[in-house]
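[1] sequence first, predicted model second:
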Amino acid sequence: MQATINNNPFSKTVAQFNIAYTQMINHLGEAVAHLDPDIANEKLLTDLYKSMVFIRLFDKKAVALQRTGKMGTYPSSLGQEAVGVGIGYAMNPNDVFAPYYRDHAALYLRGVSLADMLLYWGGDERGSLINGAPQFDLPNCVPIANQITHAAGIACAIKIRHEKNAVLTTCGDGATSRGDFYEAINLAGIWQLPMVVVVNNNQWAISVSRGIQTAAETIAQKAIAAGMPGEQVDGNDALAVYSVIKKALKKARAGKGPTLIEAITYRLGDHTTADDATRYRPPEALNKGWELEPIKRLQTFLHNNNFWGPEQERAWITQCEQNITQGVEAYLNTPDAPPEDIFDYLYAELPFAMEEQRQHLIAKARSLNANKKEEESL
Amino acid sequence: MQATINNNPFSKTVAQFNIAYTQMINHLGEAVAHLDPDIANEKLLTDLYKSMVFIRLFDKKAVALQRTGKMGTYPSSLGQEAVGVGIGYAMNPNDVFAPYYRDHAALYLRGVSLADMLLYWGGDERGSLINGAPQFDLPNCVPIANQITHAAGIACAIKIRHEKNAVLTTCGDGATSRGDFYEAINLAGIWQLPMVVVVNNNQWAISVSRGIQTAAETIAQKAIAAGMPGEQVDGNDALAVYSVIKKALKKARAGKGPTLIEAITYRLGDHTTADDATRYRPPEALNKGWELEPIKRLQTFLHNNNFWGPEQERAWITQCEQNITQGVEAYLNTPDAPPEDIFDYLYAELPFAMEEQRQHLIAKARSLNANKKEEESL
Amino acid sequence: MTSLPPLKKTLVEAVNLALAHEMRRDESVVVLGEDVATNGGVFRATEGLKDEFGIRRVMDTPLAEALIAGVAVGMASQGLKPVAEIQFMGFIFAAMEHIICHAARMRNRTRGRLSCPMVLRAPYGGGIHAPEHHSESTEALFAHIPGLRVVVPSSPARTYGLLLSAIRDPDPVIFLEPKRIYRLNKQEVIDNGEALPLDVCFTLREGKDITLVTWGAMVHEALQAADQLAQQGISVEVIDVATLKPLDMETILHSVEKTGRCVIVHEAARSNGVGAEIAAQLAEKALLWLQAPVKRIAGYDIPMPYFKYEQYYMIHVDEIIQGIEETLAYG
Amino acid sequence: MTSLPPLKKTLVEAVNLALAHEMRRDESVVVLGEDVATNGGVFRATEGLKDEFGIRRVMDTPLAEALIAGVAVGMASQGLKPVAEIQFMGFIFAAMEHIICHAARMRNRTRGRLSCPMVLRAPYGGGIHAPEHHSESTEALFAHIPGLRVVVPSSPARTYGLLLSAIRDPDPVIFLEPKRIYRLNKQEVIDNGEALPLDVCFTLREGKDITLVTWGAMVHEALQAADQLAQQGISVEVIDVATLKPLDMETILHSVEKTGRCVIVHEAARSNGVGAEIAAQLAEKALLWLQAPVKRIAGYDIPMPYFKYEQYYMIHVDEIIQGIEETLAYG
Ligand SMILES: Cc1ncc(C[n+]2csc(CCOP(=O)(O)OP(=O)(O)O)c2C)c(N)n1
Ligand SMILES: Cc1ncc(C[n+]2csc(CCOP(=O)(O)OP(=O)(O)O)c2C)c(N)n1
Ligand SMILES: [Mg+2]
Ligand SMILES: [Mg+2]
């Protein structure tokens, strides 16, 4: 590439990069080009749709539990459903998932029970036991972007052991401003790690808009800094999300290296139940966000292709509500863990030096709970 | 840009980027195109040359001082001279410099005395007083890449106060792997900070070669992740380095935003006097490095243009050696600071709680120095 | 000035009041952090500042704590007085390199040529049923670092006065705000710009039988314990350490010389907590006066449990009373 | 196994020996860090490992400490046993977020589903005339963090045995290597894979007059002081704490019960150093036995001076002797 730059005879172009954007079904529910039925088959499309509907209903319930004091702070995934279901269906059980806190849909599809999810947000460590889900998936990571570095370590482990699976990690647009994000993708690039990073660019980091988070025209182009491929996808298009992630995972498992995927979405809810987005977000922005949301468009597409109709919708919603009610029951009926659990999992074996503290806790808990009973009985 | 990617009808290109490389005088000492005499004038070119010669001689002396136990660990700038002099001549006195530890040439041109440089590497904090140099320049920064974040903060201060100067910071290729590098340039991009980042890509981070530090084809392209311009320059071409930095600084001072400049050099010495590069570096690589080094080529160019000849060379070297000898004398003759200095600059005013420790130190130092005298007198 | 009407303020409102006061008085004071501008901070500590002082002085940063601290160091090196917010203390760890290696050393490293007059604010402590990593109290990590000041207020009025001093102080200050009492109660705060001294403890209640040393949110449990014990005729001297580094041992030693007994209370994990330094200095300097062993009532050496089990970790008034009674019963 | 010939090894060679032994024995052990592979580490601690075990198990990382720690956490979560090197302790601060928030909590957070069997090695301490930031000893920062183990060896043999245990330990260990004594002297080390226990102090020398507690490089000054005092008929019991967290106070308390006097020596800054925790526990549990105040002989509360003035900071044998004599003279 000898092209001179702005006709400066001393300069030449030595590297060029493109960023691609993928969309399959637009916000009107139309396929933007002919869809290969092998990929876009009825089963897959209805599964994606049903899961999105399910998680939106679950999400609503979770917020209600928080509002009624039955659960703690909760980050709604309203409007982010397509990213979660795309991940959930694209991953294999033996792949490893390193999620962030807005991945309810993906967790659900990984096999995490509703009760476990609620337990976690209800302030109970046992929610991260995720019985029934892949045992080596990471727990939720609260410190932003740390999970990306952990995912790089997991990918190293896969490579060191010559295994054939891959790791997928997620984060938000705000997370891409942290050193962790960059240090980890830089390593993934050098070591060609079997790793897929999905950025849920929902345009907000609490009150900080995408525009003041980074001057990069796209988040996807941050991959260029790591010498690895990065691309954008319509994060409200479940089929497109599924397809690009599926492709990236296949490549990763084949030892062909990492991919950064920017899924463009819009956060339709508050940041969490502790947040009030009306303080910083103009209503127009929110309305535009709703025009692009993921569920309606796929429903339209399914209707127009006669894959789905009102009866299925009614039946499915009823079933969702049953499952959710069961999950909530299971959560609310979970007895508290023994107080000493707060000591008994810190080390494989409790150091002798901590025995005294553990005994103190047991006595303290007994009296605290006695007092509680007393108060209640009054 | 509607072009479809690898004829995938669902994908289109949404962003494109180029990275430019600039060279003016090649390693044979030939101008690669016609040089505008206004820029490439005799005065500037001979100044650049003379400063490089000076600093190479100083560097040799500094290493000798370390080898003979008269100074501590020292990082030679052998082969990096063009970057330093380019920076030194391109910056204005009221610009702010946030250097790293291999910037001897730039420090010298900023007005830091040889004695102060030697004092610093001789293990004396007073070396960072840099009397005579711009008072707000930062001291050397040992923790890799932290100075880039500080530079971003300095650039913020300039912007907040509506000043018209700029900050220039430097780092090595290894430093670009740290979160600090990325977090800082990302901020510079968003806030359009008056900041120039010069990466001295000398192909090594101690024993870690450029190729295993990052998969990015160029370091310059890391700017794309921050949404800011990045470019490469031949870091062995003092004129080219000077020119691109001069341009970037002008732009920064005019409020037109930051620039990342990758100066491609080769580390011709060990990492520091504590390192032995033969453990990890093939001799061929080093020989190729020498073919591109910055001084010879400019000397050839000056000779061919009758800007410089053997007499000037002899005279200049003699003068350099005089200055260096004076600097070394000044360093060696600097009396030790009073021991209590180690307390007296920690806070603006020593907290009462530390008075006792300070008294203890004074007594301890007295006896230590008494013992020392005794031993010497034996 | 003192003709100003006293205002009833919560602790977090006092933070806001002090910030606004100092930004009006000194235009070199700037505020930066995550969500501090448009949103006014997730606890509203910086509410209204962006509207009054503009985005050049009240800056929403990208999501990067190392950046926030490092940028503050750079600003301070040029003579600005940045007040940077770390959204929760649990997210301060990425900032430690800049705090330890630069903020705490800039003046010493340059032998006074440059300095680092910055304040790093962070809400800290547990007891608010927050998610994981939102309840940390690791003040001991900073109290060990030469060159820093570590300040923890415990009431609206002291918050106002201490934050003013922290901002005016020519050296870096880690200012930890006990968020459990951010809105616990309102107190009269006169916005007269009068600062309170750093580097000294506050004796909140005089007593002769025993010395109760604490700081931050636990001050309230300590005062309640002292009240209840007073009814049993036990006279407890309550000391709010306030500045954990440098530590004003004089006040504590004088008190222990008088009472002969000392109980130290802190929420942070016991081992190598700041209570250890206080107890250690008592072991070094108060041996002759101590009629009973020093007692530390501190957090367990475990991370803060998720909130369903948080109360097992938190220290309750009864525990303090019991600890005091045991110490009084001794010998 | 014990038929193996004893080898004369320096402390840093013992590190290398333990790493190689454990990598042969357990293929889940991997090594990563800056310059650890081709260069064998800037102190040669990992020399030869890349040639024997290959680049999949001995990895030169990019220059990023947060990355090194976080990648180790990720590896460990999947059952590998990473031994990560931070080139100097002065550069460990960027790694603290991953150490505190993840390494120390993975097991607890997942109620045992996942764990974090990693070792983070770092050369630490001063006295080698190194540049700034190359002489830190901030072990107290880690000793305060629940979920960690903090181990500091003080001889080649103990280094070998303790590093083996650290690698085999199912939980995260911060392993701090006193680089001042990396090559101080050689000692017989038998490469028989026999580990030494963690969580216990080593009584290196029995004595009846006073207890001298220390760790790391200062153990050597402590033993010299004990030798010299022995000639004056003073019998000093020297305890090498070795594992700073969890802390084996039993051994120290038993000794102080016997001697009635205690001097604690550490190079790190005094305030909120690990010596404070030891002195605090003596104030809590040994009041009746103490015939003299506990004395801490510790670094000043300042950063390590540049090396021309380093000796003013470092603790010398005379100071220890003087401190012991003062403590013995008391009362
Ligand atoms: C290291 C760290 N800093 C700050 C926070 C507080 N915090 C929680 S979520 C959040 C915003 C994250 O935004 P983004 O990455 O875009 O994800 P989103 O919530 O929008 O899905 C912040 C600042 C945190 N959890 N961790
Ligand atoms: C945070 C940190 N980690 C590690 C080191 C040790 N170290 C000093 S220089 C260096 C290599 C730097 O390489 P590069 O950035 O390319 O600069 P160069 O020395 O090649 O000019 C390392 C690892 C350090 N000083 N700081
Ligand atoms: Mg977001
Ligand atoms: Mg380099």
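    Nice, I can see it. Ligands and ions are numbered 1, 2, ... in the order given.
[2] so C:Cys116 makes contact with C:Ala103?
    Yes - the criterion here is Cβ atoms under 8 Å, and C:Cys116 meets it with C:Ala103 at 4.8 Å. The way it works is simple: take the backbone N, C-alpha and C, and place the C-beta from them, glycine included.
[3] hey, what's in contact with both of those two?
    Common contacts of C:Cys116 and C:Ala103 (Cβ atoms under 8 Å, 6 or more residues apart in numbering or on different chains): C:73, C:76, C:172.
[4] for those residues, give me a markdown table that also has neighbour count.
    Shown next, in a markdown table, are those (neighbours: other Cβ atoms under 10 Å in any protein chain shown):
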| residue | neighbour count |
| --- | --- |
| C:Val73 | 32 |
| C:Ala76 | 30 |
| C:Pro172 | 30 |
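[5] so which of those residues is the closest to D:Ala66?
    Comparing those against D:Ala66 with Cβ to Cβ places C:Val73 closest, at 17.9 Å.
[6] for the residue nearest to the spatial centre of chain C, phi and psi?
    Closest to where the C-alpha atoms of chain C average out (Cα atoms, centre = their mean) is C:Val152, at 1.1 Å. Dihedral pair for C:Val152: phi -130, psi 110, per degrees, to the nearest 10.
[7] let me see the contact set for it.
    C:Val152 neighbours (Cβ under 8 Å, 6+ apart): C:124, C:139, C:175-178, C:215-216, C:241-244.
[8] residues touching the residue in the stretch 1-150 of chain C positioned nearest to ligand 3, list them.
    When scored by Cβ to the ion, the stretch 1-150 of chain C has C:Leu63 as its residue closest to ligand 3, at 9.1 Å. By Cβ under 8 Å, 6+ apart, the residues touching C:Leu63 are A:144-145, A:174-175, A:177-178, A:205, A:208, A:213, C:34.
[9] so which of those residues also contact ligand 3?
    Filtering the contacts of C:Leu63 for neighbours of ligand 3 using Cβ under 5 Å from the ion leaves A:Ala205.
[10] about what we covered before: now, the contacts of C:Val152 that are in helices?
    Counting by DSSP state H, those place C:Glu139 in helices.
[11] thinking again about what came up before, nearest residue to the residue of the stretch 1-150 of chain C closest to ligand 3 other than its sequence neighbours?
    Once flanking residues are discounted, C:Leu63 sits nearest to A:Gly174: 4.0 Å by Cβ to Cβ, 6 or more residues apart in numbering or on different chains.
[12] what number of residues lie near the one you found?
    For A:Gly174, the neighbour count with other Cβ atoms under 10 Å in any protein chain shown is 26.
[13] any idea how far it lies from C:His220?
    A:Gly174 sits 35 Å away from C:His220, going by Cβ to Cβ, to the nearest Å.
[14] what's the answer for C:Lys9, then?
    Taking Cβ to Cβ as the measure, C:Lys9 and C:His220 are separated by 16 Å.
[15] neighbour count winner among those two?
    C:Lys9 (21 against 18).
[16] can you pull up the bridge partners for the more buried one?
    C:Gln187 (DSSP bridges).
[17] for the nearest residue to A:Gly127 once chain neighbours are set aside, pull up the helix or strand it's in.
    Setting aside the residues directly before and after it, A:Gly127 is nearest to A:Tyr120 in space (Cβ to Cβ, 6+ apart), at 2.9 Å. Element membership of A:Tyr120, judged by DSSP states H and E, is helix A:114-121.
[18] who's in contact with that helix?
    When contacts are defined by Cβ under 8 Å, 6+ apart, helix A:114-121 is touched by residues A:58, A:62, A:65-66, A:71-74, A:104, A:107-108, A:126-131, A:133, A:139-140, A:323-324, A:326-328, A:330-331, A:334, C:131, C:306.
[19] just those that are near ligand 1?
    Counting by Cβ under 6 Å from any ligand atom, nothing from these sits close to ligand 1.
[20] please pick the buried ones from those.
    Applying a neighbour-count criterion of 16 or more other Cβ atoms under 10 Å in any protein chain shown, the buried members of the contacts of helix A:114-121 are A:58, A:62, A:65-66, A:71-74, A:104, A:107-108, A:126-130, A:133, A:139-140, A:324, A:327-328, A:331, A:334, C:131, C:306.
[21] how many other residues sit next to A:Arg314?
    By other Cβ under 10 Å, the residues close to A:Arg314 number 10.
[22] quick one: it from ligand 3, how far?
    34 Å (Cβ to the ion, to the nearest Å).
[23] so that residue: helix, strand or coil?
    On the three-state scheme (DSSP: H, G, I helix; E, B strand; the rest coil), A:Arg314 is labelled helix.
[24] which stretch of helix or strand covers C:Gln322?
    If you go by DSSP H and E, C:Gln322 is part of helix C:317-329.
[25] that helix and chain A in contact?
    Yes - for helix C:317-329, a contact with chain A is found by Cβ under 8 Å from any Cβ of the partner chain, at C:318-319.
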